[in-house]
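>>> when you get a sec, could you give me coordinates for this:
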Amino acid sequence: MNLPTLLEAMPTFLYSDGSETTGLAMTAKLFLLSVFPGLLLALVMAVGQAFGPRPLAWLIRSMTYFFRSTPLYLQLMLIYYGLSQFDIVQLGWQDDQPFWLLFRDATFCATLALVLNTSAYVAELLAGMMVTFPRQEWVAGEAFGMSQWQIIRRLVLPATLRRGIPALNNEMVFLLHATSLASTVTLLDITGVARAFYAATYSPFIPFLIAAALYLLCTFILIFLFSRAERRWLAFARHD
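Below you'll find the predicted structure:
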């Protein structure tokens, strides 16, 4: 892969190949589409697991167990390729039903897999923090006349999210790296572009080196942002 070819390839690695979003822009799109729904779903599941009725907690644990115990690659294959085997999905496609048509879109399927996988890990993380919430603070909330939901909303959730910042940092880095699997369902993210140039040039070193550099840059930005968040919201926990 010579210099002119490399320079010609850079737009594809960064934002587009001229017809669709590719490279860094596609990776960022997948990450942003997954991170907020994933965190919100994880928060809801964590509350249900820690404070909900036993049947609901058991159902949530079963879901998180499945998504934490199977590879994300298999989950993506089941969603993108596996669901199309069912008649209800095929009939939905034939009838142009908007809901089922979503499962023909690789971006939607990849995002759904990332959301479900990430929410399972984060939900277990947050639920573990919630059940260890100090009993004294809970009793203090009751003494002020708060209901269970008010205690959860005003005391448990803020404390859990603050103390969970370091662990969430790791989960977000894992999510960023997990977006590389989107290339297996035809999306040209950073890894997908590198694979495409490798197939075209038979030169693996430079394309994958560029991909590694872009992932290093994205990871550095994530770690920097979370470190700033830790300094701001966990200042009380530092022992200077």
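>>> just give the number of residues close to the residue nearest to R195 when sequence neighbours are not counted.
Excluding the flanking residues, the one nearest R195 by C-beta to C-beta, 6 or more residues apart in numbering is S183, at 6.0 Å. In short, each C-beta sits where N, CA and C put it, glycine included. Neighbour count for S183, taken as other C-beta atoms under 10 Å: 20.
>>> what distance do you get for V44 to G92?
Distance, V44 to G92, by C-beta to C-beta, to the nearest Å: 27 Å.
>>> cool, F224 as well?
Using C-beta to C-beta, F224 is found at 44 Å from G92.
>>> between these two, who's got more neighbours?
Neighbour count, other C-beta under 10 Å: between F224 and G92, G92 has more, with 18 against 10.
>>> which element is that one on?
Element membership for G92 (DSSP states H and E) is helix 87-94.
>>> S34 touches F174, doesn't it?
No - counting by C-beta atoms under 8 Å, S34 stays clear of F174, with 11.4 Å between them.
>>> between those two, which contacts overlap?
T118 (C-beta atoms under 8 Å, 6 or more residues apart in numbering).
>>> more neighbours: these two, which one.
Taking other C-beta under 10 Å, S34 and F174 do not tie; S34 has more neighbours (25 against 13).
>>> after the helix or strand that one falls within comes which helix or strand?
Element membership of S34 [criterion: DSSP H and E] is helix 23-51. For helix 23-51, the succeeding helix or strand toward the C-terminus, using DSSP H and E, is helix 54-69.
>>> which element is the residue nearest to R68 when sequence neighbours are not counted on?
Nearest non-adjacent residue to R68, counting by C-beta to C-beta, 6+ apart: A120, 5.2 Å away. Assessed by DSSP H and E, A120 sits inside helix 106-131.
>>> what's the following helix or strand past that helix packed up against?
The helix or strand immediately downstream of helix 106-131 is helix 135-143, counting by DSSP H and E. Judged by 3 or more C-beta pairs under 8 Å, 6 or more residues apart in numbering; DSSP states H and E, helix 135-143 is in contact with helix 148-151.
>>> which secondary structure state does E171 sit in?
Following DSSP: H, G, I helix; E, B strand; the rest coil, we place E171 in the helix state.
>>> with the one 5 residues further on instead?
Per three-state DSSP, the secondary structure class of L176 is helix.
>>> look up phi and psi at S203.
For S203, the backbone dihedrals (degrees, to the nearest 10) come out as phi -120, psi 100.
>>> how far does stretch 75-95 stretch from start to finish?
Distance between the two ends of stretch 75-95: 26 Å, counting by C-alpha to C-alpha, to the nearest Å.
>>> picking that back up, return the distance of the helix holding A120 from the chain's centre.
Distance of helix 106-131 from the chain centroid (C-alpha atoms, centre = their mean, to the nearest Å) equals 6 Å.
>>> what does stretch 56-75 give?
How far stretch 56-75 lies from its chain's middle: 14 Å, per C-alpha atoms, centre = their mean.
>>> got the buried residues for it?
Under the neighbour-count criterion of 16 or more other C-beta atoms under 10 Å, stretch 56-75 has 57, 60-61, 63-64, 67, 72, 75 buried.
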